[in-house]
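Visitor: model the following, please.
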Amino acid sequence: MRISLFTPILLTLVLFLESCKSGGSGSNSDDFAGGEKVVRIAEVIIPVSIFPHRITNVVEGLIASQIHEGLVRINPVDLSIVPGLAEKWEINPDGKTITFHLRKGLKFQNKDGVEGNITSKDVKFTFELLCTDRPGNVQFETVCKDRIVGANEYFQANIKGQKAQLKGLKIIDELTFSIELLNSPNIFLEILANPVASIISEQGYKLKKEDTKVGAGPFVLDEKSSTKTHFALYKNVNYYGKDKAGKSLPYIDSVIIDIVSSTEVALQRFQHGNIDFIGSVPSNQLRQVVEENIKSFKGNPALFILDQRPEMGTSYYVFNVNHPPFNNIKLRQAINYGIDRAKIIDRVLNGQAYGPAINGIVPPTFDFYKSYSIKGYDLDIEKAKKLLAEAGYPNGKGLAEIQLIVNSGNSRNNTVAGEIQKQLKNNLNINITFESLPNPEKFALQLKGKGDIFRDGWVADYPSPESFLSIFYGEPVTNDTTRMSYPNTIKYKNSEYDKYYKKGRDALNRDTAAIYFLKAEQILMNDAPLIPLWYESNCRLIKTRLKNFHVNPIRYFDFTQVIIEDKKVEEKK
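Guide: Below you'll find the predicted structure:
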């Protein structure tokens, strides 16, 4: 039985706003015949790619998980693993082999001439593709490396241009296959529920490579009416899903995801009735939103819900540890001690956070993981000054101006950067300048190591501390500047950290894994390649017309059973 992985602290405030007729959004919405039951979402990060193997952020994952589907899915209510394309599976007594059984009659979406049923051969193609060295694959380390028997060997053979067999994947028949593992089957199943492990159409891939939009998911991308900032998806009529009464899923006709310039614009669209859900209310407008709209109560029932709960997410900065001056551990530690995280939450975020990240990078949302035992960094100006002097920069003297790069689209990134700029100047006489760039540009500079400090954040790919600690696993990192290092984008390496991370990753039970992960995380904090800032607790606005729509700590959205109920608002007498 799965133990709950989080303890929600739910703040549900009901906002009573006057109804506005929901209109189209996006420049091409008039060309999109997606039906009447439409869910509209606003996000602020422009996707670079929605091909599963290239996903690097939550918005790309949101879109890809509607188009594509994997062997298993996540239950959005409790984060348990439920059947996907595989209707069932068995784990061998030794815990090292999982045998999967695909559903009968599965088909990819009817696009680009793709035909035929989904079989074990499609699964084989997908995992071999994941184990192929190519620029469009950043997820080999996440899904296959050091997990599937023979995956490392297959990858190395591919680099050398040699043919090989993925030994750990064996086809039993058209609908049955097995995967032999090197470590925990439970973590592997959770990874398989991530969109990066979706099953790929071989026909679709051979035709368009990473540009293929053919999947097996509940919604189909309308490429004619979609743009880089407007994603229109309509119901896949061949989707296998059915409810208990045998009715085909999804219930709704379409999902529209608009990428807007900022969270403030998203809020405006929501208030004008053009958006059904936004995942983050600007912290500087939260109080105003609540106060103004409670006063404007005009109808019954409520039309909107403001929901806040802890997330499996952490906001932090990372140092460019391989270049001066941040190859100096004492300088990194000094800066960590020189920041008042509680003040940032109180004055900048207006309390919109689960708490200051003073116990490491793993958020305190796992009841089996003693994150409180990690000794991280809290404000200690005297210790910071001592370390700064030991680093060779007494009272900040001799330290050149530091460049901080944050991503645009959320005003709080700039206000947080401004607060940290002020604190480090006042507390340590350290001068910082910051620049706000679109996420793709910021990410590219981070990969190239061009900058001193970068704003970053992580939402769990799967509900385990391992997802956070994988960000700093250094064994796969090379000195080859032409090769992307993902998720370890700063190319941090520490052999002791890697040793305990691998012991945790390879442990066959959760409690043993937690022991090793705690050791690894403490080493990480001591070495300070990052500045943990706060644990996430976003406020989300949701229209109550969306029934069976569940928010959860890993920002996984399942629209297959969402029902739209538009009720007439009764005027209060």
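Visitor: what sits against the residue lying closest to residue 151 once chain neighbours are set aside?
Guide: Nearest non-adjacent residue to residue 151, counting by Cβ to Cβ, 6 or more residues apart in numbering: residue 144, 4.0 Å away. Backbone N, C-alpha and C define where each C-beta goes, glycine included. By Cβ atoms under 8 Å, 6 or more residues apart in numbering, residue 144 lies in contact with 127, 130, 131, 151, 155.
Visitor: mind listing the helices for the stretch 251-400 of the chain?
Guide: Along the stretch 251-400 of the chain, counting by DSSP state H, counting those that start in this stretch, helices occupy 263-271, 286-295, 329-337, 341-343, 381-390.
Visitor: which of those helices sits closest to residue 459?
Guide: helix 263-271 (16.0 Å; Cβ to Cβ).
Visitor: circling back: identify the farthest-apart pair in the contacts of residue 144.
Guide: The widest separation within the contacts of residue 144 (Cβ to Cβ) is 11.2 Å, between 127 and 155.
Visitor: from the contacts of residue 144, pick the one nearest residue 46.
Guide: Ranked by distance to residue 46 (Cβ to Cβ), the contacts of residue 144 are led by residue 130 at 25.0 Å.
Visitor: report pLDDT for the closest one.
Guide: Listed pLDDT for residue 130 reads 97.
Visitor: go on, the one 5 residues further on?
Guide: Residue 135 carries a pLDDT score of 86 in this model.
Visitor: Three-state assignment for it, please.
Guide: Look at residue 135: counting by DSSP: H, G, I helix; E, B strand; the rest coil, its state is coil.
Visitor: number of residues surrounding the residue nearest to residue 438 when sequence neighbours are not counted?
Guide: Nearest residue to residue 438, sequence neighbours excluded (Cβ to Cβ, 6+ apart): residue 408, at 5.6 Å. Residue 408 is flanked by 18 other residues according to other Cβ atoms under 10 Å.
Visitor: reformat the helices of the stretch 251-400 of the chain as CSV; add mean neighbour count.
Guide: Output for the helices of the stretch 251-400 of the chain, formatted as CSV (neighbours: other Cβ atoms under 10 Å):
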stretch, mean neighbour count
helix 263-271, 20
helix 286-295, 14
helix 329-337, 23
helix 341-343, 17
helix 381-390, 18
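Visitor: could you tell me the least trusted of those?
Guide: Looking at the helices of the stretch 251-400 of the chain, the lowest mean pLDDT belongs to helix 286-295 (a mean of 62).
Visitor: domains of the chain?
Guide: For the chain, the structural domains run 1-67+217-310+538-573, 69-214, 313-535, going by automatic domain parsing.
Visitor: among these, which gets the worst mean confidence?
Guide: Among the domains of the chain, domain 1-67+217-310+538-573 carries the lowest mean pLDDT, a mean of 77.
Visitor: ok now that domain, how far from the chain's centre?
Guide: Put simply, domain 1-67+217-310+538-573 sits 17 Å off its chain's centre (Cα atoms, centre = their mean, to the nearest Å).
Visitor: repeat that for stretch 154-165.
Guide: So, by Cα atoms, centre = their mean, the centroid of stretch 154-165 is 30 Å from its chain's centroid.
Visitor: quick one: residues in contact with that stretch.
Guide: Outside of stretch 154-165, the residues that reach it under the criterion Cβ under 8 Å, 6+ apart are 128, 131, 132, 133, 140, 144, 145, 150, 153, 166, 167.
Visitor: of those, which is the nearest to residue 378?
Guide: Nearest to residue 378 among those is residue 145, at 35.5 Å by Cβ to Cβ.
Visitor: the closest one: how many residues sit nearby?
Guide: Look at residue 145: counted by other Cβ under 10 Å, it has 18 neighbours.
Visitor: try the one 10 residues further on
Guide: Burial of residue 155 is recorded as 20 neighbouring residues (other Cβ under 10 Å).
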